[in-house]
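Undergrad: give me coordinates for this.
(one chain, ligands or ions: 1)
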Amino acid sequence: MGMKSLRDWLQVLEQKKLLRRVERDVDRKFEISALGKKADGKYALLFNNIKEANVPLVTGIASTREVFAAALGVTKAEVVGKFAAAQASPREWKVVDKTSAPVKEVISFDVDLSKLPIPVHHEKDGGAYITAGVLIAKDPLTGIPNLAIHRLHVLGPNKLGILMLPRHLWQFYRTAEAAGKPLEIAIAIGLDPVLMLASQAITPLGVDEYTIASALYDEPLELVKGETVDLEVPAHAEIVLEGRLLPHVRKTEGPFGEYPKYYGPASPKPVIELTAITTRKSPIYHTIVPATMEHLLLGAIPREGGMLQVIRSAVPNTLAVHLTPGGTCRYHAVVSIEKQNEGEAKNVMFAAFSSSQEIKRVVVVDKDVDIFDPTDVEWAMATRCQAGRDVMIVERALGNKLDPSSDDGISDKMGIDATVPYGADPFRFERIRIPGEETIDLTKYIET
Ligand code: MN
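TA: As a prediction, this is how the structure comes out:
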């Protein structure tokens, strides 16, 4: 795969007529996010003139499953399988020299975030937020790198507030803080969709997401040493910020409009102090407007890949998984199986709940149901499911803190078996069908 930078990807979008330029002056408060939201699911926007900033901004670089499929070089139906396969067979990355790393064209140890066009996205946000920064850190115990996207609140020219949910970076930070030490981090901004997707992989602690990116590219990802931190960063990024998460420092972070379409509240959170910024000569800044399809699908596709792997290890005849947009692409899953034993749907539910904290509801359907079609899934629930027999509820498991209905992250889980009971009279559950309906051409019959 030749494509390995945001620039390469913007050229691909241009060829596909999926990139539009905005030359008018725009304000970084609300105007960029309002326009980005309007273009969501249609095309990317490149803003060339942002008031009080000399850096252009792009948003919506992938906002449909078809576009993510194009980035991965597969069809829409193959996306989740491709991601699951990359996760199953990760590949080594390599370090390149500074001279072959475009992100080192300009190096500065005087970080001033006000020079970047960082937007304020939603009405009640606490300020400007970096939303498309892939944060790199190493486990202080093993030295293995970890990638993740965290919301980053601009608190000063070189200070960022950060939300860390109880996942990998949070564990690293707790280890460092317990030793009274800062945790070195880097934040890469302006990446292609493949590396963005890899950063979202749901993996056990100790799996380096760079190796999943290399597997997705079918070649080693090129990284380069940091200037002020002992970390390797993407050589082809537009911008890399370097810094440290400070121990025992908390500052107010939030509120921030999040993917469930609610605000995450303000509270005291850890703080990053930036020590260097390296960029290309004329960098392009990337923002993800929260809760758009660009945001939701970035979370959904890797989670679906991870889920498929976990569920298949429990129930091998699992066919496909889908995290639905109405379920924030995180909370509600639909799983299709080729049922071979009664009870399998329940095993699918257990595996799905365990695959990701965020899963709240799992609907299991047979293979004739289109998991991407909410009407078809509801039809299966309406005609193949009896609540008393087919609904399972697990109370007070660990869920997602950003779900406002949860008790600070404590959440109930619900499984719905909408599969035909095994051994049922096949005619009773046979879908009606008109022979020839699929191929008949109505327009040839209508008088014009
Ligand atoms: Mn990880």
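
Undergrad: hang on, residue 74 packs against residue 82?
TA: Yes. Using Cβ atoms under 8 Å as the test, residue 74 is close enough to residue 82 to be in contact (4.9 Å). All C-beta atoms are positioned from the backbone trio N, CA, C, and that covers glycine.

Undergrad: element containing the nearest residue to residue 250 once chain neighbours are set aside, please.
TA: Once flanking residues are discounted, residue 250 sits nearest to residue 268: 3.8 Å by Cβ to Cβ, 6 or more residues apart in numbering. Per DSSP states H and E: residue 268 is located in strand 267-269.

Undergrad: sheet-wise, list the partners of that strand with their directions.
TA: Strand pairing for strand 267-269, determined by DSSP bridges: strand 251-253 (antiparallel).

Undergrad: buried sites along the lowest-mean-pLDDT helix or strand in the chain?
TA: Among the helical and strand segments of the chain, the one scoring lowest on mean pLDDT, DSSP states H and E is helix 79-88, with a mean of 92. Buried residues in helix 79-88, counting neighbours by 16 or more other Cβ atoms under 10 Å, are found at 79, 80, 82, 83, 84, 86, 87.

Undergrad: show the contacting residues for the residue nearest to residue 250.
TA: When contacts are counted by Cβ atoms under 8 Å, 6 or more residues apart in numbering, residue 268 is found next to 250, 251, 252, 253.

Undergrad: make a ChimeraX selection of the buried ones in those residues.
TA: Buried residues within the contacts of residue 268, by 16+ other Cβ under 10 Å, are selected in ChimeraX with:
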select :251,253
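
Undergrad: and of the contacts of residue 268, the nearest to residue 167?
TA: Closest approach to residue 167 among the contacts of residue 268 (Cβ to Cβ): residue 253, at 16.7 Å.

Undergrad: what ranges do the strands span in the stretch 201-350 of the chain?
TA: For the stretch 201-350 of the chain, strands defined by DSSP state E, counting those that start in this stretch occupy the ranges 222-225, 232-234, 239-245, 251-253, 256-257, 263-264, 267-269, 271-279, 285-286, 318-323, 332-337.

Undergrad: quick one, the last one and strand 318-323 angle?
TA: For strand 332-337 against strand 318-323, the angle between stretch directions is 170 degrees (axes from the mean of the first three to the mean of the last three Cα atoms, to 10 degrees).

Undergrad: what is the rounded mean pLDDT of strand 332-337?
TA: Strand 332-337 comes out with an average pLDDT of 98.

Undergrad: likewise stretch 27-38?
TA: For stretch 27-38, the mean per-residue pLDDT is 98.

Undergrad: who's in contact with it?
TA: By Cβ under 8 Å, 6+ apart, stretch 27-38 touches 22, 26, 45, 47, 50-53, 57, 59-60, 117-123, 128, 287, 289, 292.

Undergrad: same thing but 6 Å
TA: The contact list for stretch 27-38 (Cβ atoms under 6 Å, 6 or more residues apart in numbering) reads 26, 45, 50, 51, 59, 60, 117, 119, 120, 121, 289, 292.

Undergrad: one more: stretch 244-259?
TA: Residues outside stretch 244-259 that contact it (Cβ under 6 Å, 6+ apart): 122, 124-126, 151, 153, 155, 161, 173, 177, 180, 182-185, 263-266, 268-273, 290-291, 295, 328, 402.

Undergrad: what's the span of it, first residue to last?
TA: Criterion Cα to Cα, to the nearest Å; first-to-last residue distance in stretch 244-259 is 26 Å.

Undergrad: now swap in stretch 317-330 and tell me
TA: End-to-end distance for stretch 317-330, by Cα to Cα: 23 Å.

Undergrad: element containing the residue in the stretch 1-150 of the chain that the ion sits nearest to, please.
TA: The minimum distance from the stretch 1-150 of the chain to the ion, using Cβ to the ion, falls at residue 146 (4.4 Å). Residue 146 belongs to strand 145-149 when assigned by DSSP H and E.

Undergrad: partners of that strand in the sheet?
TA: strand 133-138 (antiparallel).

Undergrad: and the strand it pairs with with strand 271-279, angle?
TA: Using the same axes, to 10 degrees: strand 133-138 against strand 271-279 is 110 degrees.

Undergrad: contacts for strand 133-138?
TA: So strand 133-138 is in contact with 145-150, 152, 169, 172, 183, 185-189, 199, 231, going by Cβ under 6 Å, 6+ apart.

Undergrad: same thing with stretch 289-307?
TA: In contact with stretch 289-307 (Cβ under 6 Å, 6+ apart) are residues 33, 36-37, 40-41, 59-60, 63, 68, 79-80, 83-84, 87, 121, 196-197, 200-202, 257-259, 261, 288, 321, 323, 329-330, 355-356.

Undergrad: filter these down to the ones in helices?
TA: 33, 36, 37, 68, 79, 80, 83, 84, 87, 196, 197, 355 (DSSP state H).

Undergrad: now that we have the contacts of stretch 289-307, which of them are buried?
TA: Members of the contacts of stretch 289-307 classed as buried by 16+ other Cβ under 10 Å are 33, 36-37, 40, 59-60, 63, 68, 79-80, 83-84, 87, 121, 196-197, 200-202, 257-259, 288, 321, 323, 329-330, 355-356.

Undergrad: which residues does residue 253 bridge with?
TA: residue 267.

Undergrad: flag every residue of the stretch 51-200 of the chain that's near the ion.
TA: By Cβ under 5 Å from the ion, the residues of the stretch 51-200 of the chain that approach the ion are 146, 168.

Undergrad: at 8 Å instead, please
TA: Taking Cβ under 8 Å from the ion as the measure of proximity, the stretch 51-200 of the chain contacts the ion at 146, 147, 148, 167, 168, 169.

Undergrad: can you select the buried ones from those in ChimeraX?
TA: The following ChimeraX line selects those of these that are buried, judged by 16+ other Cβ under 10 Å:
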select :146,147,148,168,169
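
Undergrad: tell me which two in the residues of the stretch 51-200 of the chain next to the ion are the farthest apart.
TA: Farthest apart among those by Cβ to Cβ are 147 and 167. That separation is 11.5 Å.
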